[in-house]
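> My questions are about this predicted structure, shown below with the sequence.
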Amino acid sequence: MLEDISELIRSQRKKKKWSQQQLAQLAGLDRTTIGALERDDYSDIGIRKVQRVLEVLGLTLSVKSYGLPSLDELKEIK
């Protein structure tokens, strides 16, 4: 899933014909942070930085729930 975000960041940046340095400047980040994001290395990168980069690229990050039902949903099944 994070690798999908990394690929999306890279492809959108290239689509806009921006260098990593240009994207970093627009997002107020260091170029090495952009490089790490594009390499799928999130070890020292918080979600706010990811959101900032996505916003500069005209993208948004969304979260959706899936998987196991909640306790309330299980109670309704009875």
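Okay, I see it.
> Check which element follows the longest helix anywhere in the chain along the chain.
For the chain, the helix with the greatest residue count under DSSP state H is helix 2-15. Counting by DSSP states H and E, the next helix or strand C-terminal to helix 2-15 is helix 20-27.
> for the following helix or strand past that next one, which positions count as buried?
Going down the chain from helix 20-27, the next helix or strand is helix 31-38, by DSSP H and E. Neighbour counts over helix 31-38 (16 or more other Cβ atoms under 10 Å) mark Thr33, Ile34, Ala36, Leu37, Glu38 as buried. For the C-beta atoms, the positions are set from N, CA and C on the backbone; glycine is no exception.
> cool, stretch 62-71 as well?
In stretch 62-71, no residue is buried by neighbour count (16+ other Cβ under 10 Å).
> Ok, stretch 36-55 next?
Ala36, Leu37, Glu38, Lys49, Val50, Arg52, Val53, Leu54.
> looking only at pLDDT, what's the mean for it?
Computed over stretch 36-55, the mean pLDDT rounds to 92.
> Between the two ends of it, how far is it?
One end of stretch 36-55 to the other measures 17 Å (Cα to Cα, to the nearest Å).
> Next: stretch 15-34.
Per Cα to Cα, the first residue of stretch 15-34 is 15 Å away from its last.
> gap between that stretch and the chain center?
14 Å (Cα atoms, centre = their mean, to the nearest Å).
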